[in-house]
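> below are the sequence and a predicted model for it; my questions follow.
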Amino acid sequence: MNETTVCVVGNVATQPVFRETAAGASARFRLAVTQRYWDREKSAWRDGHTNFFTVWANRTLATNVQASVSVGEPLVVRGRLKIRSEQRDGQSWAGADIEASAIGHDLARGTAAFRRALRSEQVPDRIADQDSGQGAARQGPGPVSGHAAGPVSGLSPDQAARPEPDWETGPVEGPVERPVEGPTERREPVLAS
């Protein structure tokens with residue numbers, strides 16, 4: 001296919017608008033992408049022209065955008081570029097849309113906490129389990145970056161209670177560890193055979 005795929009880095013300019021339709025979830029927001037360049041005369045970085053894109057997300061990506069993206073956050077967006085033109089009040093207007101295939105926070109400018117999303121076919125069974133008192137407490141999706149992360153909905157109690165690995169001392173479960181001999185006290189995991 002002859003499609004124009006782009007990857008842009010910018011800041012969210014408008015609050016995402018989320019809609020549930022018969023075809024599935026859809027979300028859109030505006031992304032401001034500003035060119036930066038080095039000004040030799042002033043020995044400083046300067047802002048150049050700002051381009052605005054309307055980013056469209058569908059299905060699961062739309063649901064995750066609603067839960068994770070807020071105005072002002074830096075994002076990396078990958079998708080298909082579509083230029084649209086229309087006539088309004090006798091004038092020609094052009095706009096640039098990106099049909100997103102992937103959206104993520106720009107980790108060069110901050111941190112984010114990732115939570116795995118549930119597949120839609122898993123949700124009804126887990127809700128039924130919760131209604132009968134067998135499932136874990138359900139917490140709906142919430143913003144990801146810069147916000148406290150609670151238990152992820154839909155995980156079994158043993159998955160939700162699993163501790164995060166301590167990367168300084170090796171994995172919590174799994175491989176058997178033994179110290180490396182030598183001048184350092186660093187420990188490396190060794191798989192048991």
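Good, I have the coordinates.

> T14: neighbour count?
By the measure other C-beta atoms under 10 Å, the count of residues near T14 is 14. For glycine as for every other residue, the C-beta is placed from the backbone atoms N, C-alpha and C.

> doesn't it lie inside a strand?
No: assessed with DSSP: H, G, I helix; E, B strand; the rest coil, T14 is coil; it does not lie in a strand.

> name all residues that make contact with it.
T14 makes contacts with F29, R30, V71, as judged by C-beta atoms under 8 Å, 6 or more residues apart in numbering.

> buried ones among the residues you listed?
Among these, those scoring as buried are F29, R30 (criterion: 16 or more other C-beta atoms under 10 Å).

> the protein: strands as residue ranges?
Under the criterion DSSP state E, strands of the chain are mapped to 5-12, 17-21, 24-39, 44-58, 74-88, 91-105, 176-179, 187-190.

> okay, the first one in CSV with CA atoms only?
Below are the C-alpha coordinates for strand 5-12, written out as CSV (Å, rounded to 0.1, in the frame of the first residue of the first chain):
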residue,chain,number,x,y,z
THR,A,5,3.3,6.8,7.8
VAL,A,6,4.6,9.4,10.2
CYS,A,7,6.0,9.6,13.7
VAL,A,8,5.6,12.9,15.5
VAL,A,9,6.6,14.2,18.9
GLY,A,10,4.6,16.9,20.5
ASN,A,11,2.3,18.1,23.3
VAL,A,12,-1.4,17.4,23.7
